[in-house]
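**Student:** Sequence below, structure please.
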Amino acid sequence: MNSPTLKPTGNTLQLVLATGAFAVCFAIFGSVSAMMPILKKTLNLNPVQVSIALAVPVLLGSLGRIPLGILTDRYGGRIIFSIVMACSIIPAFLMGYVSSYTQLIACGLFIGIALASFSVGVGFVSGWFAADRQGFALGVYGAGNIGQSLAAFGAPVIAGALGYAWGFWIFGILTFFWLIAFAFAAQNAPRTAPPKTLADSLRPLREPMSWVLSLYYFLTFGGFVAMSIYLPTFLTDMFKLTPGDAGFRTAGFVVLATALRPVGGILADKIGGKAILMWVFPFTACMALCMAVPMMATFTVGALGMAAAIGLGNGAVFKMVPQYFPKTVGAVTGLVGAAGGLGGFFPPLVLGNIKQMTGSFTGGFFLLAIFAFLCLIVVWKTDSRGETKLPQPA
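**Tutor:** The predicted structure is shown next:
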């Protein structure tokens, strides 16, 4: 264990434990979207009902990141992550018994706890690594997003082989075993300062840069969540793919975005997060326009290009959090992570209504392109120290 007086030197075991915990939690969260084509058919859901069912877990998963980040700063990630995993297992098993839309919404809401786990791990991991390696470490931790890919590909296949309920139960079982390993082997990083009061934890949220980072993550991680939960619906509705084929392609999207997240963190360690985002935002806009074209070839190019861009962006943004707020990583991570989660909450609702009103998803992709260009303007107007050049209110 590191001495409190020494610079953190890293801890691979703790990084692996946190990444695995995030991955199994994300798999529970991802099982809802992966199973949605089957749920839609079984419960006879319309597009708006599907959108709400996909968005509800994201709501709790987003807002829950703020208190979980603060609790991690105060009590350490070991106990908080263990509680979050235990609480995620319960709705995962209840989903296997869902037989009505009301039950689906209720269980989906509590599955959002699994998504909220992200801010716990960021606070847990960052304490073990020095500032010049946090981009790498947090990028690796963020690769726990691979749990979404595991669910997207595995849930329909397992449900087809073992029955509908096992599309959810299998990830509850995986989480249970990882919880046991985590509870025995995880350790909090040595504290270098006394525990913070609630006022101390909330103080960074008054800093403009915490909201600027939230905006960036609203697009990058929100785009990741929205695409990963809605791609099965896009592919089955727009191109008439089977749930299994749609799940396989969604898994590819998630794997690419996840693989490039640590790359984004490493590049941000070397050239800065802003430099990465100056490329990420316009590229994301171009890829959204490609997805607006209702052809499989352009849609595939757009989806893969967007996966690459938002994966790099996710890694770059979370390199910037401990850089600007080294003593309140958990609290700021909670805010930024909540913004990212909310970025995945609204698009499904918007897309469902656009589909209901126009009969296609095209308008939603145009809105995404416009928002990406707005983010480009903000990052261009914000200097590398986070001091905005925009006019300040009097």
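**Student:** For the rest of this, base every contact and every neighbour count on C-alpha atoms.
**Tutor:** Will do.
**Student:** give me the low-pLDDT residue ranges for the stretch 151-300 of the chain?
**Tutor:** By pLDDT under 70, the low-scoring segments of the stretch 151-300 of the chain are 191-202, 204-205.
**Student:** What ranges does it have for its helices?
**Tutor:** Per DSSP state H, counting those that start in this stretch, the stretch 151-300 of the chain carries helices over the ranges 166-185, 198-202, 208-238, 243-271, 273-292, 296-324.
**Student:** Can I get those helices in a markdown table including mean neighbour count?
**Tutor:** Output for the helices of the stretch 151-300 of the chain, formatted as a markdown table (neighbours: other C-alpha atoms under 10 Å):
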| stretch | mean neighbour count |
| --- | --- |
| helix 166-185 | 20 |
| helix 198-202 | 15 |
| helix 208-238 | 23 |
| helix 243-271 | 24 |
| helix 273-292 | 22 |
| helix 296-324 | 25 |
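**Student:** what would those look like in JSON lines with distance to Phe361?
**Tutor:** Listed next are those as JSON lines, based on distance: least, C-alpha to C-alpha, whole Å:
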{"stretch": "helix 166-185", "distance to Phe361": "27"}
{"stretch": "helix 198-202", "distance to Phe361": "39"}
{"stretch": "helix 208-238", "distance to Phe361": "8"}
{"stretch": "helix 243-271", "distance to Phe361": "17"}
{"stretch": "helix 273-292", "distance to Phe361": "8"}
{"stretch": "helix 296-324", "distance to Phe361": "12"}
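**Student:** What residue, apart from its backbone neighbours, is nearest Ile370 spatially?
**Tutor:** Of all residues not flanking Ile370 in the chain, Ala285 sits nearest, at 7.0 Å (C-alpha to C-alpha, 6 or more residues apart in numbering).
**Student:** In contact with the one you found, which residues are there?
**Tutor:** Contact analysis of Ala285 by C-alpha atoms under 8 Å, 6 or more residues apart in numbering lists Leu368, Ala369, Ile370, Phe371, Ala372, Phe373.
**Student:** ok, now how distant is it from Gly359?
**Tutor:** Distance of Ala285 to Gly359, computed by C-alpha to C-alpha, to the nearest Å: 23 Å.
**Student:** Kindly report the same for Phe118.
**Tutor:** From Phe118 to Gly359 the distance is 35 Å (C-alpha to C-alpha).
**Student:** Among the two, which residue is more densely surrounded?
**Tutor:** Legend: neighbour count by other C-alpha atoms under 10 Å for Phe118 and Gly359, higher for Phe118 (33 against 10).
**Student:** residues contacting the more buried one?
**Tutor:** Phe118 touches Phe22, Arg65, Gly142, Gly337, counting by C-alpha under 8 Å, 6+ apart.
**Student:** among those, who's most crowded?
**Tutor:** Counting neighbours by other C-alpha under 10 Å, Gly337 leads the contacts of Phe118 with 33 neighbours.
**Student:** Which positions within the helix or strand harbouring that residue qualify as buried?
**Tutor:** Per DSSP states H and E, Gly337 falls inside helix 329-358. Under the neighbour-count criterion of 16 or more other C-alpha atoms under 10 Å, helix 329-358 has 329-355 buried.
**Student:** got the angle between it and helix 208-238?
**Tutor:** Angle, helix 329-358 to helix 208-238, by axes from the mean of the first three to the mean of the last three C-alpha atoms, to 10 degrees: 40 degrees.
**Student:** for the closest residue to Ile158 other than its chain neighbours, what are its contacts?
**Tutor:** Using C-alpha to C-alpha, 6+ apart and skipping residues adjacent in sequence, the residue nearest Ile158 is Gly167, 5.6 Å away. Residues near Gly167 by C-alpha under 8 Å, 6+ apart: Ser31, Met35, Gly96, Gly154, Ala155, Pro156, Val157, Ile158, Ala159.
**Student:** what's the burial count for the fourth one?
**Tutor:** Going back to what we said before, that points to Gly154. 24.
**Student:** For it, give me its contacts.
**Tutor:** For Gly154, the contacting residues are Gly167, Gly247, by C-alpha under 8 Å, 6+ apart.
**Student:** ok, back up a step: which of the contacts of Phe118 fall in helices?
**Tutor:** Phe22, Arg65, Gly142, Gly337 (DSSP state H).
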